[in-house]
Structure formats: structure tokens, C-alpha cells
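Engineer: quick one: sequence and predicted model below, then my questions.
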Amino acid sequence: MFENTRFGVHTGLQHTSYDVLKPLWRKIEDLGFDWISIWDHFYGATGKPDDAACYEAVAMHAALAAETSRVRVGSLVYSIGYRHPAVLAKMITAIDHVSGGRADMGLGAGWAVVEYNAYGIPFPEVKTRMDQLEEAVQCVRGLLHRDVTSFAGEWFSLHEARNEPRPIQERLPIWIGGGGEKRTLAITARYADGWNVPFVSPEAFAHKSAVLTEHCERVGREPSEVRRTVNVGIAWTEESLRAQFGMLADGVRPGVLTGSDAEVIDRIGQYVEAGADQINLALRAPFDTEALERFAATLHLA
């Protein structure tokens, strides 16, 4: 079933503990999933200024790499607004070594203004943040894929920079996260190996995937070179949806798998038909491991 489609789990780092995450990651791997990722936030993803119970992402990415043995270990996505690309390249290289060559790196322009405000980090207008992202991904590509990199931009610069030791992977995959059709998908087409967007319907995913294809063709790139993934919720019942997402439930509903086993399989088929190469279940604490087990059994992942 869905032989050419990968399935993953995106594990939120808010309102949880390392003692919970460790067995969760191992269980996800044992259930037959292909991918586990973490998010990059300093606060919980609710936008509330007092919701600050959240682990730092790079440390948890390294822990994820150490606690697993088979799955790809990714980040969706590191915010370039508070992480210098050269430092990120060094970090992901170390994580690649910890994982034995299983690391993927995601980059984004950032959106959770509450975090920036709380920590006194500048949060510029969207054009500036997209400009920073476009420069950052070029810096990261150079440091991960070339022996020596120089880059002169408005926001970042590198001067015969080296990243040693080199990553284990000859080409460590770089992902861009977001659905902006003018800049985000254009940057993806030009520089990234993968694209991820969260909580959109199959119809919206198909539209954005078609825009990405147009951007690839515009820059002379084979569209199939960019993996296309969607993060979706899994809530077998309305009660589960509300428990996971609270006041955000209605906003994410278009991108949530729900209903009977047959309905979930049909919905996955719609995403695959829309062009998704990989589907990630986006989970938040308290983690519903029974939902994961049911999903894995329904799709015969193991």
C-alpha cells in the first residue's frame, strides 16, 4: 500500500519531557515509520506569551539522532531569524555524524513573533525574512556540499569558510518549509532538496505543488528533484482533535486525517495523488501512541 510513499512523524517539543520523547522516538521507529523530525520553537506553538514550556531544537535533534538507528532524522524547520546559517551547518554536520549519516536539515523564515519579542530578537518584515532565508540556504548548501565556500550577501557572508569534518552524507538533504507561492516556493525550486508544508488540504497541496513545479521549470530544474511532503494531524475522533490542538483545531482541520480506517486511507491517497512523496503525522504532547499504532497497522508499515 502506497509503496513509493514515505511516512514520518513530526514530534513537537512543547509540554513534554525527555523521558517521554525517548521511548516515543523508539516506538515510532519500531512501528515502521521512515522519518522522525522535531520543530524549532522557544515557546509553545500557541502564540501565547506565557506558553514557554518547550525544548530547544538543536539539542533535541542530536538526541533524536542518538536514540534511533534507522529512520531519517529531520528538522521542520530551523528558523533562520535566530540561527546563523554557518553555525547551523556545523550543528547539522555533527548531528549527521551522531546519526551515522541519517540527518536532514530544514530551514524557514520564522513566524512565531512571540518568541522574538520575548528574547529581544529582531523580527523584520516578511520581505527581509525571506531575503535572509534565500541567503542562508546558499550559505548552508556551500558549507555542507563544498570544501570551501565564500558568499557575500546583505545579511550573511562567508570568507573561504570550511566545514570540517565533512558530513557523512555526500549530499545532506536541505528542506524549505512554508507555503508562500512567490518567494518560499521559488527559493525551494532554486536551492532545496525538499519542501514541506503543514496542515493544508490535498487540494491546496496540489495547487502549491504545481506552483513549485512552475518555479522549477523556470530555473531549468527537473521538478522531480524536489521531494514534496505534507505535515498532517491524526485524530481518529473529534475529541482527539480538540485534545491535541485546542483552539487551533478548526484552523488545522483541513490537514487532519480523521474518521474510519478507510477514510484515512482515502485521504492519504488524495495527498499522494496531489503529489506528496512523504506524509508526516504532526504530533503534540500528550502523545497519542495508540493513534500511531492504529495508523501503522492500517497502512501495514512494519
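Structural biologist: Cool, got the structure.
Engineer: not counting the helix or strand containing Leu21 itself, show me its contacts.
Structural biologist: Following DSSP states H and E, one finds Leu21 within helix 18-30. The contact list for helix 18-30, computed with Cβ atoms under 8 Å, 6 or more residues apart in numbering, reads 9, 11, 13, 36, 55, 60, 63-64, 67-71, 285, 287, 289, 292, 302. For the C-beta atoms, the positions are set from N, CA and C on the backbone; glycine is no exception.
Engineer: average pLDDT across it?
Structural biologist: Across helix 18-30, pLDDT averages out at 98.
Engineer: next one: stretch 255-269
Structural biologist: Mean predicted confidence for stretch 255-269 is 95.
Engineer: quick one: contacts for the residue nearest in space to the middle of the chain?
Structural biologist: Against the mean C-alpha coordinate of the chain, by Cα atoms, centre = their mean, the closest residue is Leu76 at 2.1 Å. Taking Cβ under 8 Å, 6+ apart, we find Leu76 in contact with His10, Ser37, Ile38, Trp39, Gly106, Trp175, Gly177, Asn196, Pro198, Asn231, Asn280.
Engineer: just the ones of these in helices?
Structural biologist: Using DSSP state H, the subset of the contacts of Leu76 located in helices is empty.
Engineer: so which of the residues you listed are in strands?
Structural biologist: His10, Ser37, Ile38, Gly106, Trp175, Gly177, Asn196, Pro198, Asn231, Asn280 (DSSP state E).
Engineer: which of the residues you listed sit farthest apart?
Structural biologist: Pairwise distances across these (Cβ to Cβ) peak at 13.8 Å, for the pair Ile38 and Pro198.
Engineer: quick one: which of those two has more around it?
Structural biologist: Ranked by neighbour count (other Cβ atoms under 10 Å), Ile38 and Pro198 place Ile38 first, with 27 against 19.
Engineer: mean confidence for the longest helix anywhere in the chain?
Structural biologist: Ranked by residue count, the top helix of the chain under DSSP H comes out as helix 126-145. Helix 126-145 carries an average pLDDT of 98.
Engineer: partner strands of the next helix or strand after that helix, parallel or antiparallel?
Structural biologist: Later in the chain than helix 126-145, the nearest helix or strand by DSSP H and E is strand 149-152. Its sheet considered, strand 149-152 pairs with strand 157-161 (antiparallel) by DSSP bridges.
Engineer: buried residues, the partner strand. List them.
Structural biologist: Leu158, Ala161 (16 or more other Cβ atoms under 10 Å).
Engineer: what's that strand in contact with?
Structural biologist: Ala86, Cys139, Gly142, Leu143, Val148, Thr149, Ser150, Phe151.
Engineer: quick one: which of those has the most company?
Structural biologist: Highest neighbour count within the contacts of strand 157-161, by other Cβ under 10 Å: Leu143, with 25 neighbours.
Engineer: wait, doesn't Gln138 sit right on Ile187?
Structural biologist: No - between Gln138 and Ile187 there is no contact under Cβ atoms under 8 Å: 9.5 Å.
Engineer: which parts of the stretch 151-300 of the chain are strands?
Structural biologist: 157-161, 174-177, 194-198, 227-234, 256-257, 278-283 (DSSP state E, counting those that start in this stretch).
Engineer: so for the third one, what's the average pLDDT?
Structural biologist: Read that as strand 194-198. On average, strand 194-198 scores 98.
Engineer: sheet partners, orientation included, of it?
Structural biologist: strand 174-177 (parallel), strand 227-234 (parallel).
Engineer: isn't Val232 up against Thr258?
Structural biologist: No - applying Cβ under 8 Å, one finds Val232 not in contact with Thr258, separated by 9.8 Å.
Engineer: now do the least confident helix or strand in the chain by mean pLDDT: everything it contacts.
Structural biologist: Here the helix or strand of the chain ranked lowest by mean pLDDT, DSSP states H and E is helix 238-245, holding a mean of 85. Contacting residues not belonging to helix 238-245 are listed as 233, 235, 249, 251-253, 256, 258, 283-284, 286, 288, 291 [Cβ under 8 Å, 6+ apart].
Engineer: on that earlier part again, from the ones in strands among the contacts of Leu76, keep the buried residues only.
Structural biologist: So, by 16+ other Cβ under 10 Å, the buried ones in the ones in strands among the contacts of Leu76 are His10, Ser37, Ile38, Gly106, Trp175, Gly177, Asn196, Pro198, Asn231, Asn280.
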